[in-house]
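A.B. asks: 3D, please:
(chains A and B)
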Amino acid sequence: MGLEQFKNRNVGTQNYKVLDLEMPPITAMEKFKQVVSRTFKPELFAGLGVTLREMINALFRGKMHTTQYPFEKLPISPRYRAIHEMLRLLESGHYRCIGCGLCEKICISNCISMDTRYDENQRKEVTEYTINFGRCIFCGYCAEVCPELAIVHGGRYETASEQRASFSLFEDMLTPIDKLNLQQEYQGFGAISSNADENIKKTPLAY
Amino acid sequence: MSEVKTAENMISIKIDGQEYKAKEGEYILNAARANDIFIPAICYLTRCSPTLACRICLVEADGKQVYSCNAKVKEGMEITTSTSNILEERKAIMEVYDVNHPLQCGVCDQSGACELQNYTLELGIDSQSYTIADTKRETTNWSSILHYDAGLCIVCERCTTVCKDMIGDAAIKTTKRGGATLDKGLKVTMPKDAYAMWNKLQKSVIAPSNGTGETDCSDCGECIAVCPVGALVSRDFQYSSNAWDLKRIPATCAHCSSGCQIYYETKPTSIENRDEKIFRVTNEWNYVSLCGAGRFGYDFENRDAVKDESTFKNAIEAFKKAKVINFNSTITNEEALMLQTLKEKLGVKLINREAKAFQRFLNAYTQASGNSLYTTDFKEIMQSDFVMSVGSSLRNDNPNARYAFNNVQKMNKGAGLYFHPVGDTLIPTFGKTIEMFTHKVGQEELALLLIIKLFADADKLPSSVKDQLDANLVELLGGDSAKFEKSFEKMMKKKTSFSLMIGEDLYFHERAENIAKLIAVLEASSSVNVAMIPPKTNSLGVALICDLDSEASGYTIGYNESGDFRLSALGDGDLDMPAMNQQEGTLTNMHKRVTPTNAALEYHGYELNDIMREVVSAPKHTIDWTAHLPTAKGFKAVEFDTLPNGYTNDGQENRGYLLETTSKEVKEITVEKFSEGSELEGEIAYRCNPQRQFNDFSDKSHQIFEGFGLYASPAKAETLGKRVEVAFENGSLTLDVIVDDRMEGDIVAVPDFKSAENVYELFGESRYKTVTIREV
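C.D. replies: Numbering: from 1, shown residues only, chains lettered A, B, ... in the order given. Predicted coordinates:
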């Protein structure tokens, strides 16, 4: 095992690089020249022309493209990767997560964390689970690697919130137990393919 | 790094067509590993006897299929590690292991570090051709530490092997599983070795060997370390973390003088608390075996320390007016050097009881023998075939010495002689040819004289020793001389190398100097190699670095000890210090090796180096002192960052460096006559810690349960009652009586692991004291 990581004690040093930028105008004359050259370029009128054309199309020719969000919402693909959901088993209502830690391991932005323990029923209990959505890049690896289809991506793409923490704990992502009947099976990355049965080899059993 | 391979016992072999060198008499598997060649093997453990449970290490040697863990290399041997037939066998073996193995890798603690997973992948097992009805196998807890999941167990017997061959407890064994019998037809259709392996596997499972559901052992946890699958885990660690989440920090265990290589494995405590926490301790179990304190006594860190300037100022004041520094051996070499610098610059006196006694003994030995340090390390002792122990309660003082004693019996068909006043029921179970002398306290000289009589060349003995050998030493030591003669003859059969380990009793002996001379005489006149067990963690380092004083008075600074101003790594002193798992530095262990340790956990308070900077002068880091350790005493002027900490594939210890030793010619030694009638009589207390307890730090750890009490044999405990007052000449202790069912005889043991109890004061310059005990 290498010892290099223990030998660097310069915790505070960073590798900053200075960019080679053009100097901004300094004197009043230089500033004035910049304003004039930016204002009287003919490209301005090309842009105004496009806007005028689209306005006429929308108002008089019935070609309006705007969706009235938030009153209207576009349908999203089942493979869309928005805020995660933790699913439950349909029969027992117990959460599906077994605490294997694969999502935590595969997460490339290192934003998943979980606490587990040995519980009274000799099972691995997930005592807490969190995703730091400030860091999550919604790559979908966690859903893909999950062996139990426990963590999946939902359709909740409105991620504005007063606090990040308000939707990143286990309970927040878990299907509410009273809405278990509404839980949808995940169709996105990591979901079982439609021909899964054909690809499985059965283990021989003696009984 | 240290041991130079001698050319004469190296032979050449061919592995897969390539020529390699190998040690003569080595197993093929080990020879291949030493040359960085991979042969799959599950059940084999280096330093233990081959079990032949897994049979996966099959190779072809000179055209014949052999088990590489069990067949020795010969000159010119041609080895093929894999043929089509062998590959077929291996694949079948792995398929068999996978039959009915629970598919719970997702939650299993071993997942990611599992040998069953690894070999299944390595051999490309992606289908199953065998089947058998499963048997219900219950999970059980064997002790307060051990958790066994029989369902996951592949019965490779590594746990039972290490427990027997290395640890010596033999607390677990294979027992009947009552599984379904194999279809006889398979014998024809299946690869031969896979069938034989399966046949055995179906019949066995592991259980405590005493027939109850609980193991009667020292809870060292070595069985957990060697388990290739998740069948054996500690109850504390179970399901708390995945192996890959943990950061491994190479370190040196700081509980006893063995200075074992360990890894602290850390990760953030929880989602709420992102401070690093040690989740477990692991080791390179093929090359080093830990004890329970090393493996489970890891959470002794000084967690809440902060830099408080006013207390720091007080500390500086205290150091400026200090006359005495009172410390113990749980300290790094660098800190010892700082204290020695303080002595040189400020003239303070240094008090360290255990290291002082050891230093006195070492000096007397050096004077008598001319050797700057004892000549043997415990690795060499493990190679010997006749091992002796004097003056150490082997089971309690130093686990590694005990493992060596046991390993010699098991692996080298060895014999053993054990001299100690406190009877022990475990030591005789190590082997068939072990003689125990439960002698009287004070007869340690006689034990050494007996060893001299048995092994020394009479012509080389000085007359002062020769004269003493005429006495009937065996009888004096409480043995039966006729009987002993007979058994000794048996013990000596085919023995070629002899070794002796000596312990703390001799350093804390009123005739320690004379004993040191006897050791020198023994070494000079016989082929017996002598190794010393330093009393506590870094006693050897402290004894070499510091110039210790025996008596001192005045304003005292206590470093993890009592004093007027207390520095404490336990968090209960006037100024906080980092605990051993929070600091980097080196320790000198009993193998005469200076080993590095790294910081596993954060520490936010002041260090001794900060005080040094204010009081005298100091470099930036504590480890900048490493290169300045005294070269005159055998240390090397090397920087801390250049010190390695690991083992090579052939088992060589590549950790830190060995102390350099010198030796010179000396005059003939005159030994005083052994003292007669100085044996202690009456009720005797022995200063000795229970297994898994060494100091305040092991005591602080939450998985070490052994309490501070009066340890007594079952028979003695019955006469004592539940709670007693033990009165010494200069004080008394009130203790609970705790039964140690492996103790024998009337001597009771008083632990010294709590420095606050000042047990050293009560015992003074000896490890034994006559006491009066009354029930309260």
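
A.B. asks: Torsion angles phi and psi at B:Ala712?
C.D. replies: According to degrees, to the nearest 10, the main-chain angles of B:Ala712 amount to phi -140, psi 160.

A.B. asks: Report the beta-bridge partner residues of the closest residue to it other than its chain neighbours.
C.D. replies: Residue nearest to B:Ala712 in three dimensions, not counting chain neighbours: B:Val748, with 4.6 Å by Cβ to Cβ, 6 or more residues apart in numbering or on different chains. Where C-beta positions appear, they are placed from N, C-alpha and C, glycine not excepted. Bridge pairing for B:Val748 (DSSP bridges) gives the partners B:Ala685.

A.B. asks: I figured B:Val748 was touching B:Lys716, is that so?
C.D. replies: Yes. Look at B:Val748 against B:Lys716 with Cβ atoms under 8 Å: they come within range, at 6.4 Å.

A.B. asks: who has more neighbours, the two?
C.D. replies: Remark: of B:Val748 and B:Lys716, B:Val748 carries more neighbours, 27 against 21, as counted by other Cβ atoms under 10 Å in any protein chain shown.

A.B. asks: Flag every residue of chain A that's near chain B.
C.D. replies: Applying Cβ under 8 Å from any Cβ of the partner chain, we find that chain A lies next to chain B at A:1, A:3, A:6-7, A:9, A:98-102, A:104-105, A:113-118, A:122-125, A:128-130, A:147-148, A:201, A:203-207.

A.B. asks: one step back: how close does the residue nearest to B:Ala712 get to B:Leu733?
C.D. replies: 11 Å (Cβ to Cβ, to the nearest Å).

A.B. asks: Identify the residue nearest B:His196 in space, chain neighbours excluded?
C.D. replies: Actually, residue B:196 is Ala rather than His. Per Cβ to Cβ, 6+ apart, closest to B:Ala196 is B:Arg55, 6.9 Å.

A.B. asks: what's near enough to touch that neighbour?
C.D. replies: Residues in contact with B:Arg55 (Cβ atoms under 8 Å, 6 or more residues apart in numbering or on different chains) are B:67, B:89, B:93, B:193-194, B:196-197.

A.B. asks: element containing it?
C.D. replies: Here B:Arg55 sits in a region with no helix or strand, counting by DSSP states H and E.

A.B. asks: Which single residue of chain A ends up nearest chain B?
C.D. replies: Here the residue of chain A nearest chain B is A:Cys100; by Cβ to the nearest Cβ that distance is 3.6 Å.

A.B. asks: Confirm that residue sits in a strand?
C.D. replies: No. Assigned with DSSP: H, G, I helix; E, B strand; the rest coil, A:Cys100 falls outside any strand and is coil.

A.B. asks: my guess is it meets B:Gln104, correct?
C.D. replies: No. Here A:Cys100 lies out of contact with B:Gln104, judged by Cβ under 8 Å, at a distance of 9.4 Å.

A.B. asks: between these two, who's got more neighbours?
C.D. replies: Using other Cβ under 10 Å, the more surrounded residue of A:Cys100 and B:Gln104 is A:Cys100, with 25 against 16.

A.B. asks: so who does residue 21 touch?
C.D. replies: Unless you meant another one, I'm taking chain A. Contacts of A:Leu21 (Cβ under 8 Å, 6+ apart): none.

A.B. asks: try chain B instead
C.D. replies: So B:Lys21 contacts B:10-13, B:35 (Cβ under 8 Å, 6+ apart).

A.B. asks: Just say helix, strand or coil for it.
C.D. replies: strand.

A.B. asks: which bits of chain B sit near chain A?
C.D. replies: B:105-107, B:111, B:126-134, B:139, B:180, B:235, B:238-242, B:244-245, B:248-250, B:263, B:268, B:270-272, B:584, B:598-599, B:621, B:641, B:644-646.

A.B. asks: Among those residues, which ones are in strands?
C.D. replies: Secondary structure from DSSP state E places B:139, B:248-250, B:263, B:268, B:645-646 of the residues of chain B next to chain A in strands.

A.B. asks: want to throw those into TSV with pLDDT?
C.D. replies: Output for those, formatted as TSV (pLDDT from 0 to 100):
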residue	pLDDT
B:Thr139	92
B:Arg248	95
B:Ile249	96
B:Pro250	95
B:Tyr263	97
B:Pro268	95
B:Asn645	93
B:Gly646	92
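
A.B. asks: Now flag whichever of these is closest to A:Lys41.
C.D. replies: Within these, the smallest distance to A:Lys41 is 55.8 Å, found for B:Pro268 (Cβ to Cβ).

A.B. asks: Contacts only, for that closest one.
C.D. replies: A:113, B:274-277 are the contacts of B:Pro268 under Cβ under 8 Å, 6+ apart.

A.B. asks: PyMOL command to pick out the buried ones of these?
C.D. replies: Per 16 or more other Cβ atoms under 10 Å in any protein chain shown, the buried members of those correspond to this PyMOL selection:
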select buried, (chain A and resi 113) or (chain B and resi 276+277)
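
A.B. asks: can I get the contacts of B:Pro268 in a markdown table with distance to B:Asp741 and secondary structure?
C.D. replies: Shown next, in a markdown table, are the contacts of B:Pro268 (distance: Cβ to Cβ, whole Å; DSSP: H, G, I helix; E, B strand; the rest coil):
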| residue | distance to B:Asp741 | secondary structure |
| --- | --- | --- |
| A:Ser113 | 45 | strand |
| B:Arg274 | 44 | coil |
| B:Asp275 | 40 | coil |
| B:Glu276 | 39 | strand |
| B:Lys277 | 35 | strand |
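
A.B. asks: okay, the contacts of B:Pro268 in CSV with pLDDT and distance to B:Asp304 next?
C.D. replies: Shown next, in CSV, are the contacts of B:Pro268 (pLDDT from 0 to 100; distance: Cβ to Cβ, whole Å):
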residue, pLDDT, distance to B:Asp304
A:Ser113, 94, 24
B:Arg274, 92, 16
B:Asp275, 93, 11
B:Glu276, 95, 14
B:Lys277, 96, 14
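
A.B. asks: Just want the most central residue of chain B.
C.D. replies: B:Asn400 (2.8 Å; Cα atoms, centre = their mean).

A.B. asks: One more: chain A?
C.D. replies: So for chain A, Cα atoms, centre = their mean, it's A:Phe138, sitting 2.5 Å from the centre.
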